[in-house]
Structure formats: structure tokens, C-alpha cells
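Asks: Based on what follows, work out the 3D shape:
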Amino acid sequence: MSKKNTKKATTKAPENPEVTIVRKATAPKLSPRGEGGIDYEVGYVGDDVYIRIAKNHGGGSCSKEWVPAAKIRKALTPAMHGGEPFKSNALASAFVGKSQCNSGFLVAVLRKEGLFQPDVERKSMSRLAGDLDAWELGTRKATPLVGDDKQPLTAKLHPEPKKTSFRQKQAGPDPKATKAKTTDKATT
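Replies: Residues are numbered from 1 along each chain as shown. Model prediction:
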């Protein structure tokens with residue numbers, strides 16, 4: 001009697017899937033001295049929700065990586081869930097990029113999304129205000145934005161590295177070898 005193969009056929013997920021974008025907006029910066037705003041995008045891949053800072057209007061660099069909601073959730077401590085105020089650097093671990101502005105910009109975006117609010121006594125600190133589960137569910141159910149071609153807007157989860165126009169250094173004589181030849185001639 002032969003055994004029946006009971007393994008289900010699995011389809012391998014693409015290594016660099018497309019994020020379906022459902023929202024583009026601009027959030028005000030946390031600092032009253034901050035110039036301009038922060039453009040951001042919210043989207044999903046399957047059941048995973050992502051958010052990214054698309055552009056900073058003003059000074060300061062930022063990482064344009066897609067940050068999974070799961071990393072934001074992981075950065076939230078029990079004290080935060082209990083209503084304790086926190087500084088923006090509490091979300092630094094959600095990013096791969098190390099720009100100092102990343103976490104502050106993300107807090108500004110999450111305030112705009114209704115998940116955080118400024119602390120009443122210390123405006124530079126935030127408090128958890130919204131339901132992350134409900135926000136994720138709403139994002140997954142949201143109608144995708146469409147482009148001029150009437151197709152849903154998407155972006156690669158991991159953008160291709162930018163090509164640089166630097167010329168490679170041309171191989172020249174090894175300075176150590178040149179020095180050794182000169183020294184050898186001097187001793188003969």
C-alpha cells in the first residue's frame with residue numbers, strides 16, 4: 001500500500017514583495033520650531049501593515065524604509081500601554097536605519113494617525129491613544145490608492161539601492177612595491 005503525499009503545495013513568497021499603498025498624508029513635526037511637515041505612506045503586504053516616512057520637508061535626514069507595525073508594537077512597553085508618557089526615541093528600535101530623526105518623525109506620523117497623542121504636561125512626550133489592532137485592521141481593509149494608470153499604487157518593500165556615479169579607482173603601481181624597487185637600486 002502506498003502512502004499518499006499529504007504535504008500541501010506551498011508557494012514561496014516573493015523576496016521583495018510590493019506594498020499596496022492605502023494612504024499618503026503629511027504630518028506636522030513634533031517641534032514647534034520644525035519647518036515643514038513629514039510626508040508618509042501606509043500600506044500592507046498580505047496581513048502585514050507597514051508605514052514609512054516618504055519625505056521630510058525641512059532639515060534632517062530620515063530613513064525611507066517600510067517599518068512593520070509588528071516592530072512598532074514590539075517597541076511599546078507595558079508602561080506605555082499603562083498610560084505612561086514616553087519620548088520619541090522609544091521607537092528607535094523599530095528602524096533598521098540609524099538616523100536620529102527617524103523615531104521623532106515616526107511619532108509625529110503616529111500622532112497624525114491617531115495612535116499617539118501629546119502628553120498634556122510635557123508636550124515633547126507622547127502617550128498611547130489609539131488601538132493599534134483596530135488601526136492595522138482598518139489599514140488592511142482600506143481601498144488602495146490608484147495611480148494615473150488606474151492601478152493600485154505599490155512600492156517595493158525593499159527599494160533597490162541607488163546607483164552611484166562614482167568612478168572606481170584605477171589600479172596604479174603599488175606604492176610599497178615602488179619604494180622597494182627604489183631602495184634595491186640604491187643599495188646596488
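Asks: and the spatially most central residue of the chain, what are its phi and psi?
Replies: Nearest to the geometric centre of the chain sits residue 65, at 2.8 Å (C-alpha atoms, centre = their mean). Main-chain torsions, residue 65, degrees, to the nearest 10: phi -70, psi 150.
Asks: go on, residue 41?
Replies: phi -130, psi 150.
Asks: now residue 51
Replies: phi -140, psi 140.
Asks: How far off centre is stretch 124-143?
Replies: Distance, stretch centre to chain centre, for stretch 124-143: 17 Å (C-alpha atoms, centre = their mean, to the nearest Å).
Asks: so where does residue 106 fall, helix or strand?
Replies: helix 102-112 (DSSP states H and E).
Asks: Who are the packing partners of that helix?
Replies: strand 18-28, strand 37-45, strand 48-56, strand 116-118, strand 126-128 (3 or more C-beta pairs under 8 Å, 6 or more residues apart in numbering; DSSP states H and E). In this view, the C-beta of every residue, glycine as well, is placed from N, C-alpha and C.
Asks: Out of these, which gets nearest to residue 94?
Replies: Closest approach to residue 94 among the helices and strands packed on helix 102-112 is made by strand 48-56 (9.4 Å; C-beta to C-beta).
Asks: Show me the strands paired with that closest one, marking each as parallel or antiparallel.
Replies: strand 37-45 (antiparallel), strand 67-68 (antiparallel) (DSSP bridges).
Asks: can you list these in a markdown table and add mean pLDDT?
Replies: Below are these laid out as a markdown table (pLDDT from 0 to 100):
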| stretch | mean pLDDT |
| --- | --- |
| strand 37-45 | 96 |
| strand 67-68 | 96 |
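Asks: Return the residues in contact with the spatially closest residue to residue 69 that is not a sequence neighbour.
Replies: Spatial nearest neighbour of residue 69, chain neighbours left out: residue 49 (4.2 Å); criterion: C-beta to C-beta, 6 or more residues apart in numbering. For residue 49, the contact set (C-beta atoms under 8 Å, 6 or more residues apart in numbering) comprises 42, 43, 68, 69, 135, 136, 139, 140.
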